[in-house]
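Asker: Sequence and predicted model, in that order:
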Amino acid sequence: MADAAEKAGLVAMVNLTYRNVAPLQAAREMVLAGKIGKVRHLEASYLQSWLVSKAWGDWMTESKWLWRLSTKHGSNGVLGDVGIHILDFASYGAGSDVERIFTRLKTFDKYEGNKIGVYDLDANDSFTMTAELENGAMGVIHASRWATGHLTNFACASTATRVLWKSSTHLTIPACGPASAKTWRRLSGKPSRWSRWRRTTKNSPRQ
């Protein structure tokens, strides 16, 4: 794809698709409009469990999973696989780019000798990260493939004058009145053009 774009003299890119979910779009709009106050703190996670579950298949026998565990086969581990998504998800929703991060990576023993066939199982399985955004907000972000019970879940909570929670499925904010009232209501975001196009093409009859 990159070669074809260069040959045609075009600029091409692969977008970060989670930006297109309606709750995240709605959250970003509220932040940029100042409707929830200044974002000071955020926490975000992207949790998967395919190393402890066979819901998606058997990682020990299927190459589509094994390569993700081997740096020799091009993997950057969970940080490169889903870390870029949750970092973008969190910073985009907070309305500010990341200024600096500190990250710890961990690769756990998962097979005798940590090797299956030609695959060295040396790519990171989990990471924890602290981040500071350009707007001064601080955050904690983590991801793992060992998160039992989480098939694939990602979420972000931002703390401002009022509290905002966003995930891929819903957006929750405090109801009218002071945050100390501890009352909440769930909002539905407007689907993006990309989401509407994807839904239309998915449901369209194939020729």
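Answerer: Cool, got the structure.
Asker: Can you name the residues bridging to residue 144?
Answerer: Counting by DSSP bridges, residue 144 forms beta bridges with residue 47, residue 126.
Asker: Does it touch residue 78 like I think?
Answerer: Yes - under the criterion of C-beta atoms under 8 Å, residue 144 makes contact with residue 78 at 6.5 Å. Glycine gets a C-beta too; all of them are placed from N, C-alpha and C.
Asker: These two: which is more packed in?
Answerer: residue 78 (28 against 22; other C-beta atoms under 10 Å).
Asker: Starting from the helix or strand where the more buried one lies, tell me the next helix or strand along the chain.
Answerer: In this assignment (DSSP states H and E), residue 78 forms part of helix 77-78. Next in sequence after helix 77-78, counting helices and strands by DSSP H and E, comes helix 84-94.
Asker: Give the buried residues for that following helix.
Answerer: Within helix 84-94, the residues scored as buried using 16 or more other C-beta atoms under 10 Å are 85, 86, 87, 88, 89, 90, 91, 92, 93, 94.
Asker: contacting residues around that helix?
Answerer: 16, 18-19, 24, 27-28, 31, 39, 42, 44-46, 97-98, 101, 129, 131, 133, 135, 137, 139, 141, 143, 154, 156, 158, 166 (C-beta atoms under 8 Å, 6 or more residues apart in numbering).
Asker: What's the ChimeraX line that selects buried ones from those?
Answerer: To isolate the buried ones among the contacts of helix 84-94 in ChimeraX, judged by 16+ other C-beta under 10 Å, type:
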select :18,19,24,27,28,31,39,42,44,45,46,98,129,131,133,137,139,141,143,154,156,158,166
